[in-house]
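[1] build the 3D model from these lines:
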Amino acid sequence: MDRIRAQEYDLHVNCWIADYPDPDTFLRAALANNDSLEWSEEYTRLVSEAAQLLDQKTRFELYARADRMLCEQAMILPVFYYLCRAYMKPWIRREPKWFARGGCWKDVIIDPH
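    Numbering: from 1, shown residues only. Predicted coordinates:
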């Protein structure tokens with residue numbers, strides 16, 4: 001990480017898993033977790049403003065603009081995406097949310113079988 005922060009690389013690989021189902025988990029978190037990059041003021045403004053809005057339509061419009069900037073300026077280049085599968089028996093209802101991150105099992109219902 002010291003070499004990354006010192007920018008002693010041409011390319012480095014990192015990964016991120018969504019903490020919650022919202023563009024914020026990738027777009028705003030990228031600012032906080034990639035301090036080796038120089039973010040544009042416009043990108044920083046867009047994601048900071050979107051993070052404070054309650055109006056979902058406007059939030060998603062700002063995040064979409066930020067996402068386009070991220071791709072166009074190639075600040076981050078997604079090369080692959082993880083896919084996690086969970087196989088559940090038919091008597092399991094309300095499967096755990098966020099299974100890939102250990103799951104949230106408190107709401108799971110197991111029917112008699």
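[2] any idea how the chain splits into domains?
    Listed domain ranges for the chain are 2-72, 83-113 (source: automatic domain parsing).
[3] which one of the ones you listed has the poorest average confidence?
    Among these, domain 83-113 carries the lowest mean pLDDT, a mean of 73.
[4] show me which helix runs longest in the protein.
    Among the segments of the chain that qualify as a helix by DSSP state H, the longest is helix 56-72.
[5] which helices and strands does that helix pack with?
    In terms of contacts (3 or more CB pairs under 8 Å, 6 or more residues apart in numbering; DSSP states H and E), helix 56-72 is packed against helix 24-33, helix 41-52. Using the backbone N, CA and C atoms, a C-beta is placed for each residue, glycine as well.
[6] could I get the ones you listed as TSV with distance to Arg3?
    Listed next are those as TSV, based on distance: least, CB to CB, whole Å:
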stretch	distance to Arg3
helix 24-33	16
helix 41-52	24
